[in-house]
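> sequence unknown, structure follows:
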């Protein structure tokens, strides 16, 4: 009987999964991610490198509006340091925040002013507003990346495929002005974003060789964290809950057998 | 089963209270009442649903403390809950995944009711109240899905509210649609009223659940044999026998729930709902949540918009008439060899409609060849939906009424007690 209940649940999840199968573009390249599976965690070193890629490449056009600097030092985050349970005290986080210029205000005279970032700030938007962003990108709006890996089916593999998937258009295909060819793009195979990554585009502080593949993997690791920052905490809690419920189920099954022991049913 | 009370107040304070407000008596008589002794695990889903309803209420009330029903802030506030609120990362998915789990449980509960004839005399009112609960759940779930104000939220709301515009303008179709929207499109006022109603309807569900359980206490539970309770030997008290069995089933169900909640929280939703609502950009493929898919398939199976809407509402409406459509004198399909087969086919048809609802109508189920332009041709999902829709309605309107008159049922045990003591084979 229980098997049947479980299989019904599985059927339900499959039928839900079938919903997402729709979408344009080539089939994603699949990677073995560190964060996959029931005990998967983020690869902190990769996510730190990924932050560097975001900061030096993506951040020129893409915001990350739901992430504050202190989030980078939270538990389960790329720069978490157990010595600083309060990420606002973490010198690495403070140093990162300071590198950014924040527009604050208005001050007493009603003027906006610039100041270095503090840990409580959100990562700043590269553009003043949506229209400014479109004006700088030939009418295309670079989307916010905070939830990108969850806003696309199979998002992490999708993003990795997209970033490593730029190629020359097939013969005879005429690209619209300013567009690049990418068979993995979910909105067709012409994408307004030019190929952002090239060999050695960043110089990794940890000495890792910055191949396109490496940078793509690292930035996906970082952006997957940004989209699901509580994943490690969630999975850890999940294990505790499942073990607790399993023991409780054993106990209740025993009680059930005890209560019903003299009753034929 | 009704009329007698199992409560004897012993202490002075209990007697004092019982004479003024017999609330302990109400509780005792609700829990200690005779239930058939042969209920199987399919009968645990009522208790599972009660637990899920409470879980939805508690998580929902907490979420409402942090959620902002405004088109510019709703999406951000859900992210705020997930990222910054204590335990918000658990409460928000618990509410969203919980809705899916509740529908899973209610569908099993309803299929069980159809199979064992629980809707039939003398339990028609339990079934009808249950159907009202189901309708309220559908409305609540739909409006709840709109609240995060992602792309599927707004476009789902646009598609569903536009169903009412299928009513001709002369018959106030436009007026009703605009009244629902609170304007001329799905926008801020729509979101705000959906939030208000999403908070209201669950309490109506609680009220209906009380009626559902009250009505259940008049004839007591149906049971796998479908035979009425005749003597005390047919029964066991609900507490402790079924409280402990239900508790075990609830915990097993919670394990399945927890697996999805903690390890696959996005699997029941749609990635497009992580994109903020944009009324100027239509998603490539608008789909409702999985638990509405069979009805969505029925809607799209009919070429005419108004008739499609009529068919969709009729597919739920026909369920209200089930107690009278199933004409067989025998309640349980365990003793109805033909009805049993038609029932299992009906379950498959519902799953098939769900599958079709998730696909584009023009997608192919399977290809049979290639046409002159080199495009594959074959059975499309819209045609599959049409075939399955016909069976869906035929099951209620033709098969069940006729079968009850022509089918020769297998012999039934003399009593529940006799079936338990092994004069016939039980499946428990």
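Everything's here; your move. Since we're looking at a predicted model, the values are computed, not measured. Numbers count the residues shown, from 1 in each chain, chains lettered A, B, ... in the order given.
> Now do the buried residues in the helix or strand where residue B:189 lies.
If you go by DSSP states H and E, residue B:189 is part of helix B:188-216. For helix B:188-216, the neighbour count (16 or more other CB atoms under 10 Å in any protein chain shown) marks B:190-191, B:194-195, B:198-199, B:201-202, B:205, B:208-209, B:211-212, B:215-216 as buried. (Each C-beta comes from the backbone N, C-alpha and C, glycine too.)
> what's the answer for stretch A:82-96, then?
Buried-residue list, stretch A:82-96, by 16+ other CB under 10 Å: A:84, A:87, A:90, A:92-94, A:96.
> related to what we said a few turns ago, mind giving me the packing neighbours of the following helix or strand past the helix holding residue B:189?
Downstream of helix B:188-216, the first helix or strand assigned by DSSP H and E is strand B:235-237. Helices and strands touching strand B:235-237, by 3 or more CB pairs under 8 Å, 6 or more residues apart in numbering or on different chains; DSSP states H and E, are strand B:34-36.
> what separates the strand it packs on from the chain centre, distance-wise?
25 Å (CA atoms, centre = their mean, to the nearest Å).
> Now do that strand: which elements does it pack against?
Strand B:34-36 packs on strand B:235-237, going by 3+ CB pairs under 8 Å, 6+ apart.
> Now do the strand or helix carrying residue B:62, average pLDDT.
Using DSSP H and E, residue B:62 falls within helix B:45-64. Averaged across helix B:45-64, pLDDT comes to 98.
> by contact count, what packs against that helix?
Judged by 3+ CB pairs under 8 Å, 6+ apart, the packing partners of helix B:45-64 are helix B:88-115, helix B:188-216, helix B:243-263.
> Taking helix B:88-115 as reference, get the angle to it.
150 degrees (axes from the mean of the first three to the mean of the last three CA atoms, to 10 degrees).
> what comes up buried for helix B:45-64?
B:45-53, B:55-56, B:59-60, B:62-63.
> Show me which residues of the stretch 51-200 of chain B sit near chain A.
With the criterion set to CB under 8 Å from any CB of the partner chain, the stretch 51-200 of chain B comes near chain A through B:76, B:79, B:82-83, B:89-90, B:100, B:104, B:108.
> ranking those residues by neighbours, who comes first?
residue B:104 (26 neighbours; other CB atoms under 10 Å in any protein chain shown).
> still on that earlier bit, just how off-centre is the helix holding residue B:62 within its chain?
With CA atoms, centre = their mean, you get 14 Å for helix B:45-64.
> hmm, who's touching that helix?
With contact meaning CB atoms under 8 Å, 6 or more residues apart in numbering or on different chains, helix B:45-64 is reached by B:81, B:91-92, B:94-95, B:98-99, B:101-102, B:105-106, B:108-109, B:112, B:195, B:199, B:202, B:205-206, B:209, B:242, B:246-247, B:249-250, B:253-254.
> Buried subset of these as a PyMOL selection?
Buried residues among the contacts of helix B:45-64 (16+ other CB under 10 Å), as a PyMOL selection:
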select buried, chain B and resi 81+91+92+94+95+98+99+101+102+105+106+108+109+112+195+199+202+205+209+242+246+247+249+250+253+254
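> Just say helix, strand or coil for residue B:379.
What DSSP: H, G, I helix; E, B strand; the rest coil gives for residue B:379 is strand.
> Show the average pLDDT along stretch B:377-386.
Mean pLDDT, taken over the full extent of stretch B:377-386, equals 94.
> my bad, should have said stretch A:72-90
Per-residue scores along stretch A:72-90 average to 96.
> likewise stretch B:160-171?
Averaged across stretch B:160-171, pLDDT comes to 89.
> same question, stretch B:195-203
Taken as a whole, stretch B:195-203 has a mean pLDDT of 98.
> Figure out how far it is from the centre of its chain.
On CA atoms, centre = their mean, the centre of stretch B:195-203 falls 17 Å from the chain's centre.
> Ok, stretch A:45-57 next?
Using CA atoms, centre = their mean, the offset of stretch A:45-57 from its chain centre is 12 Å.
> Show me which residues of that stretch are buried.
Those would be A:46-55, A:57, for stretch A:45-57 by 16+ other CB under 10 Å.
> rewinding a little: of the buried residues of stretch A:82-96, which is the nearest to chain B?
Proximity to chain B was ranked across those by CB to the nearest CB; first place goes to residue A:87, at 12.9 Å.
> Surely that closest one is in contact with residue A:119?
Yes. With contact defined as CB atoms under 8 Å, residue A:87 counts as touching residue A:119 (6.7 Å).
> shared neighbours, those two?
A:70, A:73, A:93.
> The first one contacts residue A:120, correct?
Just to be clear, that refers to residue A:70. Yes. If you go by CB under 8 Å, residue A:70 and residue A:120 touch, sitting 6.4 Å apart.
> So which of the two has more stuff around it?
residue A:70 (22 against 10).
> What residues does the more buried one make contact with?
Here residue A:70 is in contact with A:87-88, A:93, A:119-120 (CB under 8 Å, 6+ apart).
> out of those, which are inside strands?
Among the contacts of residue A:70, no member falls in strands (criterion: DSSP state E).
> Mind putting the residues you listed into TSV with distance to chain B?
Listed next are the contacts of residue A:70 as TSV, based on distance: CB to the nearest CB, whole Å:
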residue	distance to chain B
A:87	13
A:88	14
A:93	16
A:119	14
A:120	12
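> So which of these sit within helices?
Residues of the contacts of residue A:70 located in helices (DSSP state H): residue A:93.
> Which positions in stretch A:56-71 come out as buried?
A:57-59, A:61-71.
> repeat for stretch B:379-390
B:380-382, B:384-386, B:388-389.
> And whichever residue of the stretch 1-150 of chain B sits closest to chain A, what's its pLDDT?
Closest residue of the stretch 1-150 of chain B to chain A, CB to the nearest CB: residue B:89 (3.7 Å). At residue B:89, the pLDDT value in this model is 97.
> how about it, what does it touch?
By CB under 8 Å, 6+ apart, the neighbours of residue B:89 are A:230, A:233-234, B:82-83.
> Also residue A:46?
Applying CB under 8 Å, 6+ apart, the residues contacting residue A:46 are A:34, A:217-218, A:221-222.
> Please apply the same query to residue A:264.
B:420-421.
> make it 6 Å
Going by CB atoms under 6 Å, 6 or more residues apart in numbering or on different chains, residue A:264 touches residue B:420.
> how about it, secondary structure?
What three-state DSSP gives for residue A:264 is coil.
> Quick check: phi and psi on the spatially closest residue to residue A:173 that is not a sequence neighbour?
Of all residues not flanking residue A:173 in the chain, residue A:181 sits nearest, at 7.2 Å (CB to CB, 6 or more residues apart in numbering or on different chains). Dihedral pair for residue A:181: phi -90, psi 130, per degrees, to the nearest 10.
> ok, residue A:181 to residue A:137 distance?
As judged by CB to CB, to the nearest Å, residue A:181 and residue A:137 stand 18 Å apart.
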